[in-house]
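>>> I'd like to go over a predicted model; first the sequence, then the structure.
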Amino acid sequence: MRIDFPKHLIREITDACRRSGINEVGGILFGEHIDTEHFRVVELTVDEQGLIASFKRSIQHVLGSCKRFFNRTNHDYSRFNYLGEWHSHPSYEVFPSSRDDQSMLDIVCDQTVGANFVVLAIVRLNKESLDLKCWVYFPDSSRSDVDIKFVD
Ligand SMILES: [Zn+2]
């Protein structure tokens with residue numbers, strides 16, 4: 001899978017990480033379906049929770065944010081849809097923790113979310129640049145790497 005990440009959204013994440021300092025920050029990613037296995041992040045939310053290493057998202061929160069996004073994109077679900085989650089690891093490596101894996105599997109297996117896959121982006125502010133890596137989770141519990149391309 002390939003995901004295009006617009007630079008202005010990278011700046012938004014970078015600013016959020018800078019504001020949060022040693023605390024984790026995260027949110028939801030909304031995507032546009034470009035082609036087979038090819039998506040573009042079109043919008044994201046930033047939820048500053050102020051909790052160290054305890055980022056966890058509730059299904060209800062996901063559904064509420066999706067509803068607002070679907071209204072804005074005229075319910076064109078095949079083109080614009082929930083893509084997944086992002087959060088920062090300010091003090092440890094850019095790799096999913098076992099709890100991250102479990103949270104993502106909870107979401108991708110949830111019938112009310114009804115996703116075929118869910119993407120997790122993990123970021124870490126590294127002096128002036130942002131480390132960002134993505135994984136995709138499937139309902140059969142498998143996880144794969146995602147190719148990220150930064151676009152304008
Ligand atoms: Zn994490």
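Structure received.
>>> show me the contacts for whichever residue of the chain sits closest to the ion.
Of all residues in the chain, Asp100 sits closest to the ion, at 4.1 Å by CB to the ion. Yep, even glycine has a C-beta here, placed from its N, CA and C like the rest. Asp100 sits next to His87, Leu120, Ile122 when contact means CB atoms under 8 Å, 6 or more residues apart in numbering.
>>> What are the buried residues along the helix or strand containing it?
Using DSSP states H and E, Asp100 maps to helix 98-108. By neighbour count on 16 or more other CB atoms under 10 Å, the buried set for helix 98-108 is Asp100, Ser103, Met104, Leu105, Asp106, Ile107, Val108.
>>> could you pull out the helices for this protein?
Using DSSP state H, the helices of the chain run over residues 7-20, 59-72, 98-108.
>>> Most tightly packed of the ones you listed?
The highest average neighbour count among these, using mean count of other CB atoms under 10 Å, belongs to helix 98-108 at a mean of 17.
>>> Could you tell me the angle between that one and helix 59-72?
With axes from the mean of the first three to the mean of the last three CA atoms, to 10 degrees defining the directions, helix 98-108 sits at 50 degrees from helix 59-72.
>>> for helix 98-108, what is the average pLDDT?
Averaged across helix 98-108, pLDDT comes to 91.
>>> and the chain, which residues reach the ion?
Ser97, Asp100 (CB under 5 Å from the ion).
>>> Helix or strand with the lowest mean pLDDT in the chain?
strand 47-48 (a mean of 74; mean pLDDT, DSSP states H and E).
>>> in the protein, which segments are predicted with low confidence?
48-58 (pLDDT under 70).
>>> show me the contacts for Glu12.
Leu44, Val46.
>>> Would you mind measuring from it to Gln60?
Applying CB to CB, to the nearest Å, the value for Glu12 to Gln60 is 24 Å.
>>> Spit out the contact partners of Asn81.
Contacts of Asn81 by CB under 8 Å, 6+ apart are Phe30, Gly31, His33.
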